[in-house]
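Q: Just need the structure, nothing else, for what follows:
(one chain, ligands or ions: 1)
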Amino acid sequence: MNLTTHRLRIRNLRESDLDAFHAYRSDPAVTRYQGFEPMSRQEARDFLHEMATAAYGKPGDWVQFGIADRETNQLLGDCALKPDAQDPRMAEIGLTLAPSAQGRGLATEALRALIGWLFAETEVVRGVLITGTENTACVRLLERCGLRREGHFVENVWFKGRWASEFLYAVLKREWGGV
Ligand SMILES: CC(C)(COP(=O)(O)OP(=O)(O)OC[C@H]1O[C@@H](n2cnc3c(N)ncnc32)[C@H](O)[C@@H]1OP(=O)(O)O)[C@@H](O)C(=O)NCCC(=O)NCCS
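A: Down below sits the predicted model:
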């Protein structure tokens, strides 16, 4: 993976990302709405090792890429992509930015690029993102990128010790400009 935008480079994670990756992945504010818990340094190291040569494409498997500053290559966050297990013409996307990288439109830039890449470079014709209804920054991001809220699941998931609700957002290739 090597996808560049105006300010970003989306690329494979690497072991030298460890300090930056562990700093935000061990931050409870970052993992609050996500399906994983804060990571130990060793867990972060193992994860980077596993993802260093990962490629998108195996149905049902999440693959994680780094979101880095285009000029310095410093890691700012990461994104996750998963072709649907039953039909890989659909894919799910996830996104995480370090707190210091938030609030500058970088997630918007990364998400637009990823959706464009999926539609232009893979067989995907439908992209999906699922977010906790209380994750207002993520809801704003998805609305800003023009995704459609197709589902509101009420207390559908046992999440970090209580029932939580989720929104499902989607976008179709035929709706996406520029492809
Ligand atoms: C979800 C997440 C990636 C959103 O990050 P974000 O920084 O809010 O989103 P962006 O990078 O697009 O920045 C948008 C904000 O920057 C502002 N901004 C500044 N310059 C901007 C620009 N050039 N373009 C767009 N927005 C800009 C916007 O006004 C917006 O602020 P607002 O939401 O207060 O209105 C982030 O909250 C995160 O990593 N959360 C933890 C992980 C998580 O829960 N992920 C979701 C599950 S998939």
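Q: isn't there a helix covering A44?
A: Yes: using DSSP: H, G, I helix; E, B strand; the rest coil, the assignment for A44 is a helix.
Q: The nearest residue to F65 once chain neighbours are set aside - how many residues pack around it?
A: Residue nearest to F65 in three dimensions, not counting chain neighbours: M1, with 4.9 Å by C-beta to C-beta, 6 or more residues apart in numbering. In short, each C-beta sits where N, CA and C put it, glycine included. When neighbours are defined as other C-beta atoms under 10 Å, M1 has 18 of them.
Q: how far away is M1 from the ligand?
A: 18 Å (C-beta to the nearest ligand atom, to the nearest Å).
Q: For K58, give me its contacts.
A: P83 (C-beta atoms under 8 Å, 6 or more residues apart in numbering).
Q: Surely it is in a strand?
A: No: per three-state DSSP, K58 lies outside any strand segment and is coil.
Q: and it, what pLDDT?
A: pLDDT, K58: 97.
Q: quick one: it from A120, how far?
A: 20 Å (C-beta to C-beta, to the nearest Å).
Q: Please apply the same query to I67.
A: Taken as C-beta to C-beta, the span from I67 to A120 is 18 Å.
Q: for this protein, what are the low-confidence residue spans?
A: Of all residues in the chain, those with pLDDT under 70 make up the ranges 178-179.
Q: Let's see that with 90 instead.
A: Along the chain, the model assigns pLDDT under 90 to residues 35-37, 177-179.
Q: Count the neighbours of the one residue in the chain that gets nearest to the ligand for me.
A: Nearest residue of the chain to the ligand (C-beta to the nearest ligand atom) works out as G105 at 2.3 Å. Burial measure for G105: 12 neighbouring residues, criterion other C-beta under 10 Å.
Q: Great, nothing more from me.
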